[in-house]
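Novice: kindly generate the corresponding structure for this input.
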Amino acid sequence: MASFLSMVQPCMAVPRNLELTEEERQVALEPYTDPDGLFRCLVPKGWRAAQGLEKSTGILASWYNPDQPGAETLAIFSTPVDAKTTQELGSAKDEALSLANAAPNSLLLGFSEATDEKGQVYYIVRVEFDGTTAGMFGSAIETRNVIARDGIKYFLRVTTTRYRYLAYKEIVERVDKVAASFQLLA
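Specialist: Numbering: from 1, shown residues only. Down below sits the predicted model:
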């Protein structure tokens, strides 16, 4: 009998070139670079930026899909940690299990590790949350791209509903591209 973790699917690797490919144009993504030069990522076209964010809260940037308010979101977070590097957080599997174990009725869907051209290591993890954790949406898919550097953990979190994730190939492509695009610059 195969172990549970052997059934988990790997997530996408981290691409480094943020020039839009034809495929990315089809899933309507546009590059975003933090005004302070801290990070960059791809953001779905038409998503609205949240206004009035206080960086002291740990939310560095946030967007939402106006057609699916609350259901589809993208945010960049930072939080202090004891780790100086991503590897000091543990493995990609450890990070994924930590997220999956954060709430009842969650299911680990995948995890992977990638390295950018600067040698920075990123963990991409995907978890499905069900029940009260997902609120009125019934079930939500959360994908994170995580990096730790100099005592700070940064992560991009993109969410969608399980229904939209399973029903529309474009949603899967968008979630994968957005999650994989996150890169710490500074």
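
Novice: from here on, contacts and neighbour counts on C-alpha atoms
Specialist: Noted.

Novice: residue closest to the middle of the chain?
Specialist: With distances taken as C-alpha atoms, centre = their mean, residue 144 lies nearest the centre of the chain, 2.6 Å away.

Novice: tell me which element it is part of?
Specialist: strand 139-149 (DSSP states H and E).

Novice: quick one: contacts of the helix or strand just after that strand?
Specialist: Downstream of strand 139-149, the next assigned helix or strand under DSSP H and E is strand 152-161. Contact partners of strand 152-161, identified using C-alpha atoms under 8 Å, 6 or more residues apart in numbering, comprise 71-84, 86, 137-148, 175, 178-179, 182.

Novice: tell me the angle strand 152-161 makes with strand 139-149.
Specialist: Counting by axes from the mean of the first three to the mean of the last three C-alpha atoms, to 10 degrees, strand 152-161 lies at 160 degrees to strand 139-149.

Novice: chain center to strand 152-161: distance?
Specialist: Distance of strand 152-161 from the chain centroid (C-alpha atoms, centre = their mean, to the nearest Å) equals 4 Å.

Novice: ok, and what's touching the very next helix or strand once past that strand?
Specialist: Counting by DSSP H and E, the next helix or strand C-terminal to strand 152-161 is helix 162-167. Residues outside helix 162-167 that contact it (C-alpha under 8 Å, 6+ apart): 128, 139, 140, 141, 171, 172.

Novice: try 7 Å
Specialist: Identification of contacts with helix 162-167 by C-alpha atoms under 7 Å, 6 or more residues apart in numbering yields 139, 140, 141, 171, 172.

Novice: quick one: which of those is nearest residue 117?
Specialist: For those, the minimum distance to residue 117 (C-alpha to C-alpha) is 25.6 Å, reached by residue 172.

Novice: how near is the closest residue to the closest one other than its chain neighbours to residue 58?
Specialist: Among residues not flanking residue 172 along the chain, residue 165 sits closest, at 5.7 Å (C-alpha to C-alpha, 6 or more residues apart in numbering). Distance, residue 165 to residue 58, by C-alpha to C-alpha, to the nearest Å: 27 Å.

Novice: return the member of the contacts of helix 162-167 nearest to residue 115.
Specialist: For the contacts of helix 162-167, the closest approach to residue 115 (C-alpha to C-alpha) belongs to residue 172, at 22.2 Å.

Novice: shouldn't that closest one be within a helix?
Specialist: Yes: inclusion of residue 172 in a helix is indicated when DSSP: H, G, I helix; E, B strand; the rest coil is applied.

Novice: let me know whether residue 113 touches residue 122 as I believe.
Specialist: Yes: with contact defined as C-alpha atoms under 7 Å, residue 113 counts as touching residue 122 (5.7 Å).

Novice: which of these two has more residues huddled nearby?
Specialist: residue 122 (28 against 21; other C-alpha atoms under 10 Å).
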